[in-house]
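J.: please find the sequence and the predicted model below.
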Amino acid sequence: MSANKVTTPEEAVAGIPDGATIALGGVHSHNGPMALVNALIRRGARDLELIPTPSAGPPVDMLIAAGCVKRLHVSYVGLEFLGMAPNYRRAAESQSIEIVEGDEAYIVYGFRAGASMLPFLPLPPLYEGTDLPKVNKDVRTTTDPYTGRTVTTIPALRADYGLFHAQVTDRKGNAQIFGQRRFEDVMAKASDHVIISSDEILDEYAPAPDPRLVSIPGAIVDHVAHAPYGSYPLSSPGHYAYDRERLVEYRDLAAQDRTKEYLDEYVFGVKDHQEYLDKVGARRLLGLQQTFR
Amino acid sequence: MSANKVTTPEEAVAGIPDGATIALGGVHSHNGPMALVNALIRRGARDLELIPTPSAGPPVDMLIAAGCVKRLHVSYVGLEFLGMAPNYRRAAESQSIEIVEGDEAYIVYGFRAGASMLPFLPLPPLYEGTDLPKVNKDVRTTTDPYTGRTVTTIPALRADYGLFHAQVTDRKGNAQIFGQRRFEDVMAKASDHVIISSDEILDEYAPAPDPRLVSIPGAIVDHVAHAPYGSYPLSSPGHYAYDRERLVEYRDLAAQDRTKEYLDEYVFGVKDHQEYLDKVGARRLLGLQQTFR
Amino acid sequence: MNPIGGHVPEATYTWAEMMAISISHEMADGAFGSVGAASHIPAAGLRLAQLTHAPNLSFFCGGSGAMNPKIQRLTESSADYRNLVTSEYHFSLDDVVDFETAMRFDFAFLGGMQIDKHGNLNMAMIGDWHRPKVRGPGTIGLIFLGGFKTSYIYTQHHNPKIFVDKVDFVSGAGWLDGGDARSKVFRPESDGPRRVFTPLGVFDFEPESKRMRLMKVHPWSSIEKIQAATGFELLVADDVQTVGAPSDEELTLLRTQVDRDGVLRRYPAVV
Amino acid sequence: MNPIGGHVPEATYTWAEMMAISISHEMADGAFGSVGAASHIPAAGLRLAQLTHAPNLSFFCGGSGAMNPKIQRLTESSADYRNLVTSEYHFSLDDVVDFETAMRFDFAFLGGMQIDKHGNLNMAMIGDWHRPKVRGPGTIGLIFLGGFKTSYIYTQHHNPKIFVDKVDFVSGAGWLDGGDARSKVFRPESDGPRRVFTPLGVFDFEPESKRMRLMKVHPWSSIEKIQAATGFELLVADDVQTVGAPSDEELTLLRTQVDRDGVLRRYPAVV
């Protein structure tokens, strides 16, 4: 791999083909790789299979609204403190997307198996009392060779592309992700290709960061999309808060099935992430800054 | 659990019964919980089953020499740059201890399964080309319910007690372990009881450390043994170097089957860790200090 | 909209504050548990318990990874960075699932879009799975009801649509069909739900039948009102009691040490 | 003791330095691999390759977790904190095993107390497992020979006790019994060992039989000496070559940028 992997969000996602399986980072209202998602929507990606984190939100709902999604692995998809995710709900109810009924264990153990290419993972009794195995045919059983008992199994999950947002990344792709500790690293290990959007690129003359705070090693990163405010309108932990008003605007339009207006304004109405930044405006963006140092 | 878990190394191990299974932290010449190991030897622990980290060294060799060990899970036991571990080697060759023939995968995946109480872990083809399954009857097979193929399995490993050395720990047991990143956390999660020896106890008035640098959460820690230079003569990463001369002294005596002289001098010859510190001497201990801040 | 219905006594506290205080009262010192995402009320209750009778209670906030955050301002998002920086330890999602599967949490707080008389929970969908009438957000951590030593159910809405005779989909197993049904399925160390907290009161499960049973009636409610708001026949404990108003001391502590911004005071006005 | 035996030409470099340089020459730019614990010589070779023709080569140091440490002083212990603090990323042991199992490493450097003609490795014991004559340190990461895309074998000792016809115990699977034996067992992406580096020379494996074959003879050795030091019949490449002495430029770089303390210069004097 080349030493300088820095590019734009648009270039970073250019190679993702229709039909690809995408692991999508972010937890609730934080750390969603929005600049990458916007770029995917703008170029009209189709038939994607999404495996988001167990706490997924606006990025998934927007990709569904834009018609990019064919199949979705669900643990939780919602707008957190703003309620249901309207496009996800409509698509699931109208069956215009395929739902893989999962949960936190399915996603976390699935990606964990995928990260190390274990064929599957067996669990102690958990699913047995629930209805999940009835509707997810990939929750199966095998024999525990140590006790002879039948145990429930989770399939390994792997993605063609993993998309994650970081706060600071160096040119080689060593990514510092604040907020919830790790797990993006597990998802990245379970992805054939890794694309990081990063608010900031570490200056070549900067002292090297404490390596324990680097979440994803550059050796498995393909592209680093330099995207200041790349998680906006979601938060970028330690850098800026979510834009609550903008999220309410999204939620209200989405609830009325008018998501197209939002997308036309903020995604299709701009050429790229740089134009988007100007459209949102410096005053609004800088007003969201949060400082913890 | 009580809020103040701080005690002495001697008190911390007092409740460990003969015959217990012990997970033992430390990597090569670093971070071995020596103060706890010395205390175990001093009080004459017997019939222990040891599951050390994949890169085990002097603590295991000393416990064997002192007659504390009945069964040992082996990935690597050696003195790193000082060569073979003489007591381990003699005990294995004379069959005075039972060897469970393992390796890095067996220990890491075993503890990983144990940490989450998964019944076992299935692997892709790795052991198939080796002789390990012939001599370790717990490396077994089952059916992959997704492909129908036979896959090799590793048993879950759990310990009654996990013994680890940390650099700085608070009164509740939140432990900062420098050096190799994590894994002590996985071993701690796979242990019913966790005992941490710590060079330093965080002052109650100290600013709280960056929580991302805390390796083991206090909620699963039973005792914090305050043990300045608790890893001596091994290193405590970021605090002090190993005492090379003392390690050579150990190696040379052990190679001549004179380990008893070493134990008589440095373990049985002192009442407790405090007396040991004085015996080694302030000049020697402070001469090992390393500063990285 | 008034989510609890009917008349409530004039008071200087909200039902959300009352719920947090009710939760606090039920918490034992020394236990170690978890609250889910978007769980202001349980989080406030646990923090209040730490500051009062349970200094060694420990809790972890789902969605954030924060262990024992020094909450002084309840945040709207559970994963807010301001909770993380004040915590003792950052759980990774990996850690969380390890703890949940290995039964390291003494308890968890969980909710559902449907809760049935045996404490089974549904977050997936209402109707038939293949043709859902309402698609819910998803099961997220609810299967770990089979891995927690016990659990507490809470909901901000008490009405017959939430409290149903039988959930349409079991995302999280409570006492299953009651009796000893649960113990046939899960590990013996994992017990079913211990309490249900709602704006109207506090409930337990009758030991034999494992059916939901009214224990405590909040000041503005009554046995009759609670039964009317519940979609199945509710058991009532012999010693059912009506809870008194929170003490000034508790309210002051809650408002100055836990919820300085008054998030719980801004809940839809009912008190 | 002179570990390579016989006469060596007068020179201003050691065999350890020569080995590091030979390793460096075989490394391709852009690859990502691992070296084990106590692997000064490969670590020095990889760092030298980064500083010369392979700036995008990446490597991880086993036993420490350090990714691309800015080595300027070789440390005696691979897990030395001084390697960690200068690294780009800290692998956890968990990470390491993930990478090894998922075939994310393009290559690894591995050794053994026995190495056989098909590159199988033994670190467990010599003799019968149930009554070992010599108990070795243990298999540690050698099963991952089935998970690396390829591997490099290296040893600081070249003698008939190390290079045996057949290992007593397969800790790490090389080409197994040769031919296509290996491909019947492992994933197709995982190839067997590509090279063997010893103080005496550099070896590959003949493509059909997968038998060890001499490629390069170090300056102080010869085909005959190498065969005599090997416990099985060695194949010799048609274009076998004798390696020249390291260039001044390479030696200077090695000594000023990689091994300032001269760890490799202090190896038993043979040059």
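T.: Perfect, thanks for sending it.

J.: and whichever residue of the stretch 151-271 of chain C sits closest to chain A, how many neighbours?
T.: Closest residue of the stretch 151-271 of chain C to chain A, CB to the nearest CB: C:Ala173 (3.1 Å). Every C-beta, even on glycine, is put in place using the N, C-alpha and C of the backbone. Number of residues near C:Ala173 (other CB atoms under 10 Å in any protein chain shown) recorded here: 29.

J.: now swap in A:Arg258 and tell me
T.: By the criterion of other CB under 10 Å, A:Arg258 has 13 neighbours.

J.: please apply the same query to C:Lys184.
T.: A count of nearby residues for C:Lys184, using other CB under 10 Å, gives 11.

J.: ok, now which ones touch residue 155?
T.: Assuming you mean chain A. Shown in contact with A:Pro155 (CB atoms under 8 Å, 6 or more residues apart in numbering or on different chains): A:110, A:113, A:120, A:138, A:140, B:146.

J.: oops, chain C please
T.: C:Thr155 touches C:111-112, C:115, C:162, C:196-198, counting by CB under 8 Å, 6+ apart.

J.: take those and keep only those in strands.
T.: Members of the contacts of C:Thr155 lying in strands (criterion: DSSP state E): C:115, C:196-197.

J.: for the residues you listed, pick the one with the most neighbours.
T.: C:Ile115 (29 neighbours).

J.: gap between it and C:Phe144?
T.: Using CB to CB, to the nearest Å, we find C:Ile115 at a distance of 16 Å from C:Phe144.

J.: who's in contact with the residue of the stretch 151-271 of chain C closest to chain A?
T.: Each residue near C:Ala173 by CB under 8 Å, 6+ apart is listed here: A:129-130, C:120, C:143, C:145-146, C:182, C:185-186, C:192.

J.: what is the nearest of those residues to C:Gly262?
T.: Within those, distances to C:Gly262 taken as CB to CB reach their minimum at C:Leu145, with 32.6 Å.

J.: helices of the stretch 1-150 of chain A, start to end?
T.: Secondary structure of the stretch 1-150 of chain A by DSSP state H, counting those that start in this stretch: the helices cover A:9-13, A:34-42, A:58-65, A:86-93, A:104-115, A:132-135.

J.: dump these into a markdown table; add distance to chain D and mean pLDDT as well.
T.: Output for these, formatted as a markdown table (distance: least, CB to the nearest CB, whole Å; pLDDT from 0 to 100):
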| stretch | distance to chain D | mean pLDDT |
| --- | --- | --- |
| helix A:9-13 | 19 | 98 |
| helix A:34-42 | 22 | 98 |
| helix A:58-65 | 26 | 98 |
| helix A:86-93 | 31 | 98 |
| helix A:104-115 | 5 | 98 |
| helix A:132-135 | 26 | 98 |
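
J.: so which elements touch the strand ranked longest in chain C?
T.: What stands out as the longest strand in chain C, according to DSSP E, is strand C:235-242. Where contact means 3 or more CB pairs under 8 Å, 6 or more residues apart in numbering or on different chains; DSSP states H and E, strand C:235-242 is packed against strand C:212-217.

J.: assign a three-state SS to C:Val96, would you?
T.: Assigned by DSSP: H, G, I helix; E, B strand; the rest coil, the conformation of C:Val96 is helix.

J.: got it, and C:Ala44?
T.: With three-state DSSP as the basis, C:Ala44 sits in helix.

J.: wait, it touches C:Arg73, no?
T.: No: if you go by CB atoms under 8 Å, C:Ala44 and C:Arg73 don't touch, sitting 10.7 Å apart.

J.: overlap of the contact sets of the two?
T.: By CB under 8 Å, 6+ apart, C:Ala44 and C:Arg73 have these common neighbours: C:Asp259.

J.: quick check: A:Ser235 touching A:Ser29?
T.: Yes: between A:Ser235 and A:Ser29 a contact is recorded at 6.0 Å, counting by CB under 8 Å.

J.: which one is C:Leu46 nearest to, not counting chain neighbours?
T.: Distances taken as CB to CB, 6 or more residues apart in numbering or on different chains put C:Phe59 closest to C:Leu46, at 4.7 Å, once the chain neighbours are dropped.

J.: distance check, the closest residue to chain D within chain C against chain A.
T.: As assessed by CB to the nearest CB, chain D sits closest to C:Asp94 within chain C, at 8.7 Å. Computed as CB to the nearest CB, to the nearest Å, the C:Asp94 to chain A distance reads 6 Å.

J.: got a list of what the residue nearest to C:Trp175 when sequence neighbours are not counted touches?
T.: In space, and not counting its chain neighbours, C:Trp175 is closest to C:Lys210: 3.5 Å by CB to CB, 6+ apart. If a contact means CB under 8 Å, 6+ apart, then C:Lys210 has C:118-119, C:174-175, C:178-179, C:181-182, C:192 as its contacts.

J.: distance check, C:Lys210 against C:Lys216.
T.: 19 Å.

J.: does any part of stretch C:255-271 sit near chain A?
T.: No: Stretch C:255-271 stays clear of chain A (CB under 8 Å from any CB of the partner chain), getting no nearer than 10.4 Å.

J.: got the CA coordinates for that stretch in PDB?
T.: Extracted in PDB, the C-alpha atoms of stretch C:255-271 (Å, rounded to 0.1, in the frame of the first residue of the first chain):
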ATOM      1  CA  ARG C 255     -31.500  18.400  41.200                       C
ATOM      2  CA  THR C 256     -28.100  19.700  42.300                       C
ATOM      3  CA  GLN C 257     -25.900  16.600  42.000                       C
ATOM      4  CA  VAL C 258     -27.500  14.500  39.200                       C
ATOM      5  CA  ASP C 259     -29.700  16.500  37.000                       C
ATOM      6  CA  ARG C 260     -28.500  20.100  37.200                       C
ATOM      7  CA  ASP C 261     -30.000  21.000  33.900                       C
ATOM      8  CA  GLY C 262     -33.400  19.800  35.000                       C
ATOM      9  CA  VAL C 263     -33.900  17.300  32.200                       C
ATOM     10  CA  LEU C 264     -36.300  15.300  34.400                       C
ATOM     11  CA  ARG C 265     -38.200  18.400  35.400                       C
ATOM     12  CA  ARG C 266     -38.900  19.100  31.700                       C
ATOM     13  CA  TYR C 267     -40.800  15.900  31.200                       C
ATOM     14  CA  PRO C 268     -44.500  16.500  30.000                       C
ATOM     15  CA  ALA C 269     -46.100  18.300  32.900                       C
ATOM     16  CA  VAL C 270     -48.100  16.000  35.000                       C
ATOM     17  CA  VAL C 271     -47.200  17.000  38.500                       C
END
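
J.: that'll do, ta.
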